[in-house]
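> Quick one, fold the following:
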Amino acid sequence: MTTEIRVPQLPESVADAVVVAWHKQPGDAIRRDENLADLETDKVVLEVPAPMNGVMREISAAAGATVTSGQLLAIIDEASASTPAAAPQGARAAAPASVPAAEPAPAKSDDGRLSPSVRRLVEENRLDPAAIAGSGRDGRVTKSDVVEFLDKKRSVAPAAAVPERAAAPAAARAAPTTETVSARAAPSAVRAERRVAMTRLRQRIAARMVEAQATQALLTSFNEVDLTAVQELRARYKDSFEKAHGAKLGFMSFFVKASIEALKRFAIVNASVDGSDIVYHEYYDIGVAVSTERGLMVPIVRDADAKSFAEIEREIAAYAARARDGSMALEDLTGGTFTLTNGGVFGSLMSTPIVNAPQSAILGMHKIQERPMVVRGQILARPMMYLALTYDHRIIDGRDAVQFLVAVKDYLEDPGRMLLQI
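Numbers count the residues shown, from 1 in each chain. Take a look at the predicted model:
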């Protein structure tokens with residue numbers, strides 16, 4: 001009995017997907033719920049699980065192929081599930097006796113807990129996941145864990161080669177000949193180029209950035225905020241906060257809450273354009289930009305105005321973990337009325353972020369840097385951050401944008417106002 005494996009139903013906003021990789025080949029045994037292939041859309045990577053135990057019979061869409069909902073991907077032979085697949089006899093005979101057999105790949109004991117990107121990295125480098133210490137939730141191995149493991153392996157190899165070089169005969173270290181000198185004077189490297197296809201996510205990001213620039217009248221206003229009060233509040237309560245709520249008290253929850261209070265006062269910043277209409281959103285779904293190895297993602301904290309500081313911090317931390325291990329769901333990235341992006345984590349002092357269309361504004365956070373400020377007639381070192389609000393000038397006037405930024409600044413410099421909603 002055979003079973004067809006087809007492309008899962010893609011969301012309405014996703015037209016097609018690309019087959020990134022196959023984890024099983026014809027003849028391979030398959031376990032139920034084992035991931036057979038990774039499909040990359042312009043937003044997320046989808047896994048294709050096996051519906052039963054069996055043996056891969058054939059693959060209909062090779063890696064790199066573009067596929068649509070319901071398209072045939074592969075066929076599983078259920079009847080052969082209990083019979084180990086043997087390599088074709090002719091294929092074995094064709095191999096020359098002088099060629100040593102390839103080193104078998106280490107046993108993969110991931111029990112389905114590896115994300116697609118992590119599994120792909122592990123298989124490409126022939127690693128055993130059990131040998132890698134996982135820093136993710138419940139001890140899961142993340143992509144950064146694999147990269148760190150590989151870096152450690154590479155750093156050991158050059159060290160082992162040093163004694164061999166030291167043992168070289170003295171004659172080999174004699175003065176170089178004229179030919180040797182000439183060779184060394186020649187260019188040591190070819191001016192090579194490398195062409196790599198954009199991932200679907202990178203293509204999507206590029207298209208959205210160009211679309212935002214082409215369809216919106218973007219303008220950026222700046223201000224700066226003294227984060228002394230926020231830092232003092234975090235220092236005073238961070239330990240008890242984490243003990244009570246199981247989440248770290250970061251800066252992002254303060255900025256989310258301050259933005260919401262400012263959005264309530266300036267509703268146009270939370271609005272969007274639909275044709276010739278302005279749509280005022282009477283809810284606050286806040287996007288928080290997360291940088292990943294695949295590109296920038298903006299998961300949504302929905303109804304953020306109704307959530308506590310602890311709930312916001314937990315949700316952002318969970319999104320960051322899912323973004324890193326490649327398990328972000330499409331619904332996590334859909335919608336949003338306003339976005340925050342923090343370039344300060346990379347050292348950015350000032351920037352002009354691009355609006356996440358169809359939203360009409362985005363708040364850019366930057367590096368916290370001590371600067372001399374005049375406070376009540378005295379020059380003091382204060383932890384300052386530049387804020388940038390990029391907005392669609394078609395519907396948001398400069399006055400509203402500037403006053404919105406001032407409101408955010410006021411709430412952060414006096415956090416008690418957020419609690420009292422004044």
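> Doesn't Ala407 lie inside a helix?
Yes. Read with DSSP: H, G, I helix; E, B strand; the rest coil, Ala407 is one of the residues of a helix.
> So it versus Ala306, what's the distance?
20 Å (CB to CB, to the nearest Å). Heads up, the C-betas are built off the backbone N, CA and C, glycines and all.
> Neighbour count: these two, which is higher?
Ala407 (20 against 10; other CB atoms under 10 Å).
> from what I can see the more buried one touches Ser259, true?
No. Here Ala407 does not reach Ser259: they are 9.1 Å apart, not a contact under CB atoms under 8 Å.
> got the domain boundaries for the protein?
1-82, 116-160, 215-420 (automatic domain parsing).
> Nearest to Met198 among the ones you listed would be which one?
domain 215-420 (9.3 Å; CB to CB).
> tell me the average confidence for that closest one?
What domain 215-420 shows for mean pLDDT is 94.
> what's the spacing between it and its chain's center?
19 Å (CA atoms, centre = their mean, to the nearest Å).
> can you give me the end-to-end distance of it?
Using CA to CA, to the nearest Å, the end-to-end distance of domain 215-420 comes to 39 Å.
> And the residue nearest to Met1 when sequence neighbours are not counted, how close does it get to Ala50?
Using CB to CB, 6 or more residues apart in numbering and skipping the chain neighbours, the partner closest in space to Met1 is Glu78 (4.7 Å). Distance of Glu78 to Ala50, computed by CB to CB: 10 Å.
> ok, those two, which is more surrounded?
Between Glu78 and Ala50, Ala50 has the larger neighbour count (other CB under 10 Å), namely 21 against 15.
> The more buried one touches Ile75, doesn't it?
No. At 11.9 Å, Ala50 does not count as touching Ile75 under the criterion of CB under 8 Å.
> burial count for Thr68?
11.
> where exactly do the helices run in the stretch 251-400 of the chain?
Taking DSSP state H, counting those that start in this stretch to define them, one finds helices in the stretch 251-400 of the chain at 252-265, 309-325, 398-413.
> Likewise for the stretch 101-250 of the chain?
116-124, 143-166, 178-185, 200-215, 228-245.
> how far away is His366 from Met385?
With CB to CB as the criterion, His366 and Met385 are 6 Å apart.
> got any residues that touch both of the two?
Residues touching both His366 and Met385 (CB atoms under 8 Å, 6 or more residues apart in numbering): Gly344.
> Can you give me every residue that contacts Gln369?
Gln369 touches Leu349, Pro383, Met384, Met385, counting by CB under 8 Å, 6+ apart.
> Which members of the residues you listed are the farthest-apart pair?
Going by CB to CB, the pair spanning those furthest: Leu349 and Pro383, at 13.4 Å.
> Show me the shaky parts of the stretch 101-250 of the chain.
The model of the stretch 101-250 of the chain has pLDDT under 70 over residues 101-113, 116-117, 120, 136-138, 144, 151, 154-189.
> let's see 80
In the predicted model, the stretch 101-250 of the chain carries pLDDT under 80 at residues 101-126, 134-140, 142-148, 150-189, 200-201.
> Next, count neighbours for Gly336.
Considering only other CB under 10 Å, Gly336 is surrounded by 21 other residues.
> again with Lys248
When neighbours are counted by other CB under 10 Å, Lys248 comes out with 14.
> do the same with Lys367
Counted with other CB under 10 Å, Lys367 comes out at 16.
> With Leu114 instead?
25.
> How about Val288?
23.
> right, and it touches Val301 too?
Yes. Val288 lies in contact with Val301 (CB under 8 Å); the separation is 6.2 Å.
> what sits in contact with each of these two?
Residues touching both Val288 and Val301 by CB under 8 Å, 6+ apart: Val256, Ile316, Tyr319.
> Most neighbours among those, which one?
Counting by other CB under 10 Å, top hit in the shared contacts of Val288 and Val301: Val256 with 25 neighbours.
> mind listing what it touches?
So Val256 contacts Ile286, Val288, Val301, Ala304, Ile312, Leu340 (CB under 8 Å, 6+ apart).
> Can I get these in TSV including distance to Met198?
Listed next are the contacts of Val256 as TSV, based on distance: CB to CB, whole Å:
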residue	distance to Met198
Ile286	28
Val288	24
Val301	28
Ala304	32
Ile312	33
Leu340	26
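> now for those, which pair is the farthest apart?
Ile312 and Leu340 (11.0 Å).
> distance of the residue positioned nearest the centre of the chain from Ala321?
By CA atoms, centre = their mean, the chain has its centre lying nearest to Thr292, at 2.3 Å. Distance, Thr292 to Ala321, by CB to CB: 11 Å.
> Likewise for Glu313?
The value you get for Glu313 to Ala321, if CB to CB is used, is 13 Å.
> neighbour-wise, which of Leu349 and Pro383 wins?
Pro383 (17 against 11).
> ok, now which ones touch that one?
Taking CB under 8 Å, 6+ apart, one finds Asp226, Leu227, Thr228, Gln231, Ile368, Gln369, Glu370 in contact with Pro383.
> quick check: angle from the longest strand out of those in the chain to helix 228-245?
In the chain, with assignment by DSSP state E, the single longest strand is strand 378-392. Going by axes from the mean of the first three to the mean of the last three CA atoms, to 10 degrees, strand 378-392 is angled at 70 degrees with respect to helix 228-245.
> Relative to strand 378-392, what are the paired strands and their orientations?
strand 218-226 (antiparallel), strand 361-365 (antiparallel), strand 369-375 (antiparallel) (DSSP bridges).
> Ok, which of those comes nearest Asp128?
strand 361-365 (40.3 Å).
> got the CA coordinates for the closest one in PDB?
Coordinates of each C-alpha in strand 361-365 appear next as PDB, following Å, rounded to 0.1, in the frame of the first residue of the first chain:
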ATOM      1  CA  ALA A 361       4.600  54.000  12.400                       C
ATOM      2  CA  ILE A 362       7.500  52.300  14.000                       C
ATOM      3  CA  LEU A 363       9.500  53.200  17.200                       C
ATOM      4  CA  GLY A 364      13.300  52.700  17.000                       C
ATOM      5  CA  MET A 365      15.200  52.100  20.200                       C
END
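> How about residues contacting it?
Under CB under 8 Å, 6+ apart, the answer for strand 361-365 is 251, 255, 259, 269-270, 338-344, 351-356, 385, 387-392, 396, 401, 404, 408.
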